[in-house]
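S.K.: got a predicted structure plus its sequence, pasted below:
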Amino acid sequence: MKRKGNIMDLEREVIYNGLCCYCGTCGAFCKEYITYENEIPITKKKCHEIYGACYDFCPRTSFAPFEVERAVFGGIRTDNLLGYYQGDIITARATDEAVREHAQDGGVVSALLVNLLEQGEIDAAVVSKTAENWTPEPFVATKREDVLAAAGSKYTQCPSVSGVGDALEQGYKNVALVGLPCHIQGMRKVQMSTGFDVGADRVKLLIGLFCSETFDMHSLENKLVELGTSIEEVEKFNIKKGSFIVHTKAGEEIKTPIKLMRDCMREACNYCYDFAAEFADLSVGSIGSELGWSTVITRSKVGEEIVKKAKAAGAIEMEKLSEEQVKEVRRLASFKKRRNLKNIYDKTDPVRILNMLVEPEMLEQFLGVK
């Protein structure tokens, strides 16, 4: 039986317990009651519902990975690091140089969205767009120019799922969402909810982005000052081969080991196990691919069909990722899971087995299995 709660339970269990990932799912379909300030949900007015959509949809109140995989993919994973996927993991890039110029790495996500919009397969794509001083905001893109204007990685968190609420309110019928693993998990919970129908069947495609962590904006601003620049001077961010790279408007490139950026990480990222956006239709990231290309993991039939159509239309070029390159993706996925496992255990309540309470990490030992 699924747990039920309301906005006060959400505040107690998630928001004020350091678990809120600021994905925007709680307020996306309940804007009368929830807004966002300082990267956390804020209650605008009292809600007296015993069972609230905000609690039901939140990926941090509960999430059933195998249940989601069966419902979305028709089976469960055999790869415990990368999740369920089908076919070969590929490396790809946009064929359009203008797309590659605007986008991060190979521009695959932008190329797919542009192709889908131009072919009429979707009528809107919810993406993250940089506002003033690199503050990311949800944005509903409906044409090529919109997609290119929002291209590129931000590395700070955005309540992207709230953009899905905007798109549905605006009447769009075939919507794509591009998001981090937490956004994808939140949207899957909305789609699978049996308690609330908010029109989530109109969201036809979820593209997930590889993610080790996101940075707290205030901490990132301070770190940039330490590195000799400022958020106002940033042209682009990138992470490559263990380095966090800042490209400035003056043409300067500043590199620092990614491990030295750990103190900028959002607290809630300490409890995330998902590097490869395991529940998306397509997962995309730079890890494993050569510079200027993107790694693509195809998970669902929907994702598979979209990649095929984009290739046939000449929007992308692609080839199989080598086993050595796939190992690099696995290594990062494994690192994130191992790094955060203790944090997850520390936050997890004991598991109730009949009348006995057992710490999660002791469960296998208690049951005598390995």
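M.R.: Yes, it's here.

S.K.: state the distance from the closest residue to C158 other than its chain neighbours to G171.
M.R.: Closest residue to C158 apart from its sequence neighbours, by Cβ to Cβ, 6 or more residues apart in numbering: P136 at 3.7 Å. Any C-beta I mention is one placed from the backbone N, CA and C, and that applies to glycine too. Between P136 and G171 the computed distance is 25 Å (Cβ to Cβ, to the nearest Å).

S.K.: neighbour count for the two, which is higher?
M.R.: When P136 and G171 are compared on other Cβ atoms under 10 Å, the one with more neighbours turns out to be P136, at 21 against 9.

S.K.: tell me the pLDDT of the more buried one.
M.R.: pLDDT for P136: 92.

S.K.: what's near enough to touch the residue nearest to C158?
M.R.: 128-130, 154, 156-158 (Cβ atoms under 8 Å, 6 or more residues apart in numbering).

S.K.: which two of those residues have the greatest separation?
M.R.: K129 and Q157 (13.8 Å; Cβ to Cβ).

S.K.: look at these two and report which has more neighbours.
M.R.: Q157 (26 against 20).

S.K.: could you check how far the closest residue to Q325 other than its chain neighbours is from N38?
M.R.: Using Cβ to Cβ, 6+ apart and skipping the chain neighbours, the partner closest in space to Q325 is G288 (4.3 Å). Remark: distance between G288 and N38 (Cβ to Cβ) = 35 Å.

S.K.: what do you get for E213?
M.R.: 19 Å.

S.K.: more crowded one of these two?
M.R.: Ranked by neighbour count (other Cβ under 10 Å), E213 and N38 place E213 first, with 22 against 8.

S.K.: quick check: the more buried one vs A276, distance?
M.R.: Distance of E213 to A276, computed by Cβ to Cβ: 14 Å.

S.K.: K143 reaches L116, doesn't it?
M.R.: No - assessed by Cβ atoms under 8 Å, K143 is found out of contact with L116, at 11.6 Å.

S.K.: how about the closest residue to I245 other than its chain neighbours, secondary structure?
M.R.: Spatial nearest neighbour of I245, excluding adjacent residues (Cβ to Cβ, 6+ apart): N238 at 4.4 Å. Going by DSSP: H, G, I helix; E, B strand; the rest coil, the secondary structure assigned to N238 is strand.

S.K.: could you do V284 as well?
M.R.: Secondary structure of V284, per three-state DSSP, is strand.

S.K.: number of nearby residues for it?
M.R.: If you count neighbours by other Cβ under 10 Å, V284 ends up with 24.

S.K.: surely it and S294 touch.
M.R.: Yes - using Cβ under 8 Å, V284 is in contact with S294, at 5.4 Å.

S.K.: so what sits against both of these two?
M.R.: Both V284 and S294 are contacted by 108-109, under the criterion Cβ under 8 Å, 6+ apart.

S.K.: circling back to that earlier point, gap between the residue nearest to I245 and E324?
M.R.: On the measure of Cβ to Cβ, N238 and E324 end up 22 Å apart.

S.K.: between the two, tell me which one has more neighbours.
M.R.: Per other Cβ under 10 Å, whichever of N238 and E324 has more neighbours is N238, with 18 against 8.

S.K.: show me the contacts for the more buried one.
M.R.: For N238, the contact set (Cβ under 8 Å, 6+ apart) comprises 104, 153, 244-245, 247, 286.

S.K.: that older thread, tell me the pLDDT at the residue nearest to I245?
M.R.: Among the per-residue scores, N238 holds a pLDDT of 84.
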